[in-house]
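Here's a sequence, model it:
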Amino acid sequence: MAETQTYTMPAMLDASVRRFATRDSLAFVGERPETYAELGAGVEAVAAMLQRAGIGRGQKVAIFGHNMPNWGKAYLATTSLGAVAVPILPDFHADEVSGIIQHSEASALFVTASLEQRLNDIAALQLDLVIRLDDFAVIRSRAEGVAFVPSARPAPPIAEVLEDDLAAIIYTSGTTGRPKGVMLTHKNICYNAHKSRTIQPVDEHDRFLSILPLSHTYENTLGLILPLISGAAVYYLQKPPTPAVLLPALAAVRPTTILAVPLVIEKIYRNRVLPAITGKAVTRVLYQIPLVRRLLHRVAGVKLMRTFGGRLRFFGVGGAKLDPVVDRFLHEARFPYAIGYGLTETSPLAAGSAPFGTKVGFIGPPLEETQIELRDVDPRTGQGEVCIRGPNVTRGYYKEPELTAAVLAPDGWFRTGDIGCFDEHGNLAIKGRLKSVIVGASGENIYPEEIESLINSFRYVVESLVVQQKGRLVAMVHLNREELEQRYHDLRDGVEKRVEDVLRELKAYVNARVNRFSQIQAVVHWPEPFQKTATQKIKRFLYQERAF
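Numbering: from 1, shown residues only. Now for the predicted structure:
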């Protein structure tokens with residue numbers, strides 16, 4: 001981007017194609033990557049097809065598909081014409097997809113073959129063009145003669161794309177309710193990707209393994225646009241990232257960069273690292289000694305690096321809060337992790353640090369040229385609402401002026417709804433969500449996320465949610481039932497008795513480690529996993545009104 005100083009998708013792609021023409025760009029794991037020159041030609045061919053169908057400046061093009069090289073081509077082709085991309089999460093059900101298509105006024109849709117059955121008649125009726133993402137075959141078109149021709153190029157004149165033009169509307173399935181369409185400009189996205197390199201340099205020798213959905217801003221900006229402006233290669237899985245799929249992919253790609261949500265590394269820690277360390281009585285006792293714990297973590301870190309292919313130099317963690325216990329493990333293991341903070345509304349990155357610059361419990365300083373300040377600060381704790389201003393901040397929510405005005409001030413400051421604080425070096429820490437703060441009987445602020453982190457560190461707990469019910473703090477807990485059954489299958493009273501014992505032990509464990517007003521009064525076994533957003537945050541609004 002420094003070569004063009006024009007923060008638009010077409011300018012970015014043109015510069016990369018010229019500079020990195022023969023370098024690898026996008027590919028499925030196990031397949032030959034296309035060169036940047038081939039990627040550029042493919043984007044032009046898709047743009048020509050859209051143009052022939054009448055897609056142009058300001059029109060909305062939805063992309064409903066799983067990660068693949070063609071996803072990036074569809075996105076770049078759309079934005080190169082001055083049209084607006086509307087990425088839709090693959091996990092959204094048909095009604096949500098239909099609602100987004102209608103609300104965004106999309107006239108065209110890219111869809112992967114595996115998701116075609118989710119489209120319903122309401123969505124299909126308003127669309128002028130539907131294209132299969134897997135091979136760019138035209139499923140339906142109201143214009144005649146529309147087809148994908150690999151050698152085609154868009155016909156002039158093509159509308160000039162400006163930095164302040166809308167590039168994407170990204171609908172978030174948040175923790176508090178219905179999706180909102182976040183409007184991001186070309187400059188929002190490209191500038192954010194460009195400035196991210198001030199935290200972690202990326203070049204043509206880097207290899208990204210993509211495991212998060214491209215329809216989310218986190219992976220879109222930092223896992224697609226960032227590597228493309230840097231000449232790096234990106235590899236995609238053809239199946240969900242289960243261990244059986246991910247482990248061979250890590251060995252084949254040997255990535256230098258992976259972006260993940262906390263749940264990914266937390267599962268690895270709890271399911272593989274911790275059992276290996278504490279599986280024997282001797283090591284379980286020695287593990288309680290800080291010096292020995294650090295040595296054991298260092299050994300585990302070396303093994304973990306080998307598991308990830310041996311060349312990893314950046315493991316980005318974002319999208320939700322990392323468990324403090326796992327944070328400490330990664331730090332002591334000398335694993336090259338880094339924590340980023342941001343929202344869809346900030347394109348997304350707003351703060352972060354490079355590997356080995358991470359301070360346990362903190363994220364890092366604000367991104368270069370991004371301002372972060374705290375509002376309504378509690379003088380007792382130094383905590384306040386995190387507010388952000390900078391070139392990465394959204395222009396608002398699509399067709400939602402009242403929602404926009406509630407969070408975005410005329411002077412550009414965006415109210416995140418997150419509660420945070422700074423340390424003496426300017427490193428940001430996030431304590432919880434303003435909307436999830438529970439006010440205690442004496443007016444104390446209780447952050448359920450902090451209690452949940454403690455609960456999740458307890459053996460057999462997979463995830464938890466703390467809510468207030470009739471003035472009581474109630475912990476809803478999802479346990480690792482399989483591990484309990486394997487360990488206690490020979491108990492006379494069965495596993496159910498052991499579940500009750502675990503819940504009692506858990507309550508005592510938590511209450512011995514929190515202040516008086518944060519103590520939980522009841523623990524409820526929740527048999528199913530909680531419903532989550534794309535970044536694996538629990539959708540709290542679905543559980544707030546449950547009665548126990």
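
For the stretch 401-548 of the chain, which segments count as strands?
Applying DSSP state E, counting those that start in this stretch to the stretch 401-548 of the chain gives strands spanning 414-422, 428-433, 438-439, 445-446, 461-469, 472-479, 522-525.

Can you tell me what sits against the fourth one?
The one in question is strand 445-446. Strand 445-446 is contacted by residues 378, 381, 437, 438, 439, 440, 473, 517, 518 when judged by C-beta atoms under 8 Å, 6 or more residues apart in numbering. In short, each C-beta sits where N, CA and C put it, glycine included.

Name the nearest residue to the third one, ignoring sequence neighbours.
It stands for residue 437. In space, and not counting its chain neighbours, residue 437 is closest to residue 445: 5.4 Å by C-beta to C-beta, 6 or more residues apart in numbering.

Tell me how many other residues surround residue 159.
13 (other C-beta atoms under 10 Å).

list the contacts for it?
Residue 159 is in contact with 56, 57, 81, 82, counting by C-beta under 8 Å, 6+ apart.

next one: residue 254
Residues in contact with residue 254, defined by C-beta under 8 Å, 6+ apart, are 207, 309, 310, 311.

Over to it: give its phi and psi.
Main-chain torsions, residue 254, degrees, to the nearest 10: phi 50, psi 60.

picking that back up, need the max-distance pair from the contacts of residue 254.
Spatially, the most separated pair among these is 207 and 310, at 12.0 Å (C-beta to C-beta).

who has more neighbours, these two?
residue 207 (20 against 11).

Make CSV from the strands of the stretch 401-548 of the chain and add mean neighbour count, mean pLDDT and distance to residue 356 to it.
Below are these laid out as CSV (neighbours: other C-beta atoms under 10 Å; pLDDT from 0 to 100; distance: least, C-beta to C-beta, whole Å):
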stretch, mean neighbour count, mean pLDDT, distance to residue 356
strand 414-422, 20, 96, 21
strand 428-433, 21, 92, 18
strand 438-439, 14, 80, 36
strand 445-446, 19, 80, 33
strand 461-469, 21, 90, 29
strand 472-479, 21, 92, 34
strand 522-525, 16, 93, 38
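
if I look at the residue nearest to residue 437, how far off is residue 429?
15 Å (C-beta to C-beta, to the nearest Å).

and if you look at residue 423?
7 Å.

Give me the common contacts of the two.
Common contact partners of residue 423 and residue 429 (C-beta under 8 Å, 6+ apart): residue 362.

export the strands of the stretch 401-548 of the chain to JSON lines and tack on distance to residue 135?
Formatted as JSON lines, those follow (distance: least, C-beta to C-beta, whole Å):
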{"stretch": "strand 414-422", "distance to residue 135": "40"}
{"stretch": "strand 428-433", "distance to residue 135": "42"}
{"stretch": "strand 438-439", "distance to residue 135": "51"}
{"stretch": "strand 445-446", "distance to residue 135": "53"}
{"stretch": "strand 461-469", "distance to residue 135": "38"}
{"stretch": "strand 472-479", "distance to residue 135": "40"}
{"stretch": "strand 522-525", "distance to residue 135": "47"}
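
hang on, the earlier thing: filter the contacts of residue 159 down to the ones in strands?
Counting by DSSP state E, none of the members of the contacts of residue 159 fall within strands.

In ChimeraX, how would I select the buried members of those?
This is the ChimeraX syntax for the buried subset of the contacts of residue 159, where burial follows 16 or more other C-beta atoms under 10 Å:
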select :81,82
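
Just flag the most distant two among the contacts of strand 445-446.
378 and 473 (20.0 Å).

for stretch 156-173, the distance to its chain's centre please.
With C-alpha atoms, centre = their mean, to the nearest Å as the basis, stretch 156-173 stands 22 Å off its chain's centre.

Report the buried residues of it.
Result for stretch 156-173 [16+ other C-beta under 10 Å]: buried residues 161, 163, 165, 166, 167, 168, 169, 170, 171, 172, 173.

and those as a markdown table, adding pLDDT?
As requested, the buried residues of stretch 156-173 are exported to a markdown table (pLDDT from 0 to 100):
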| residue | pLDDT |
| --- | --- |
| 161 | 97 |
| 163 | 98 |
| 165 | 98 |
| 166 | 98 |
| 167 | 98 |
| 168 | 98 |
| 169 | 98 |
| 170 | 96 |
| 171 | 93 |
| 172 | 81 |
| 173 | 63 |
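
Please identify the helix or strand for residue 160.
Secondary structure assignment for residue 160, by DSSP states H and E: no helix or strand.

Please report the distance of the residue nearest to residue 437 from residue 438.
Counting by C-beta to C-beta, the gap from residue 445 to residue 438 is 8 Å.

what about residue 205, neighbour count?
12.

The one 4 residues further on too?
When counting by other C-beta under 10 Å, one arrives at 27 neighbours for residue 209.

Quick check: it touching residue 235?
Yes - with contact defined as C-beta atoms under 8 Å, residue 209 counts as touching residue 235 (5.3 Å).

what is in contact with these two at once?
With C-beta under 8 Å, 6+ apart, residue 209 and residue 235 have common neighbours 29, 249, 253, 255.

okay if I get those as JSON lines plus distance to residue 74, secondary structure and neighbour count?
JSON lines is the format used below for these (distance: C-beta to C-beta, whole Å; DSSP: H, G, I helix; E, B strand; the rest coil; neighbours: other C-beta atoms under 10 Å):
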{"residue": "29", "distance to residue 74": "20", "secondary structure": "coil", "neighbour count": "20"}
{"residue": "249", "distance to residue 74": "23", "secondary structure": "helix", "neighbour count": "22"}
{"residue": "253", "distance to residue 74": "23", "secondary structure": "helix", "neighbour count": "22"}
{"residue": "255", "distance to residue 74": "24", "secondary structure": "coil", "neighbour count": "26"}
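
Helix or strand next in line after the helix or strand where residue 39 lies, which one?
Taking DSSP H and E as the criterion, residue 39 maps to helix 36-52. Once helix 36-52 ends, the next helix or strand along the chain (criterion: DSSP H and E) is strand 60-64.

Okay, now the sheet partners of that following strand, with direction.
Within its sheet, strand 60-64 is paired with strand 84-88 (parallel), strand 106-111 (parallel), according to DSSP bridges.

In the stretch 401-548 of the chain, where is pLDDT below threshold?
Low-confidence segments of the stretch 401-548 of the chain, defined by pLDDT under 70: 441-443, 487-495, 545-548.

again with the chain
Using pLDDT under 70, the chain drops low at 1-4, 120-125, 173-178, 441-443, 487-495, 545-548.

can you list the domain ranges for it.
According to automatic domain parsing, the chain comprises the domains 9-186, 233-435, 437-542.

Which one, of these, ends up nearest to residue 198?
Nearest of these (C-beta to C-beta): domain 233-435, 4.8 Å.

Now do the end-to-end distance for that closest one.
40 Å (C-alpha to C-alpha, to the nearest Å).

likewise stretch 533-544?
Across its full length, stretch 533-544 reaches 16 Å between end residues, using C-alpha to C-alpha.

now that stretch, how far from the centre of its chain.
Distance, centroid of stretch 533-544 to centroid of chain: 14 Å (C-alpha atoms, centre = their mean).

what comes up buried for that stretch?
Buried residues in stretch 533-544 (16+ other C-beta under 10 Å): 533, 534, 535, 536, 537, 538, 539, 540.

residue contacts, the second one?
Listed by C-beta under 8 Å, 6+ apart, the contact set of residue 534 reads 89, 91, 173, 212, 213, 215, 216, 319.

try 6 Å this time
Applying C-beta atoms under 6 Å, 6 or more residues apart in numbering to residue 534 gives the contacts 89, 213, 216.

any chance of these in JSON lines, with neighbour count, secondary structure and distance to residue 398 too?
JSON lines is the format used below for these (neighbours: other C-beta atoms under 10 Å; DSSP: H, G, I helix; E, B strand; the rest coil; distance: C-beta to C-beta, whole Å):
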{"residue": "89", "neighbour count": "20", "secondary structure": "coil", "distance to residue 398": "16"}
{"residue": "213", "neighbour count": "21", "secondary structure": "coil", "distance to residue 398": "20"}
{"residue": "216", "neighbour count": "22", "secondary structure": "coil", "distance to residue 398": "17"}
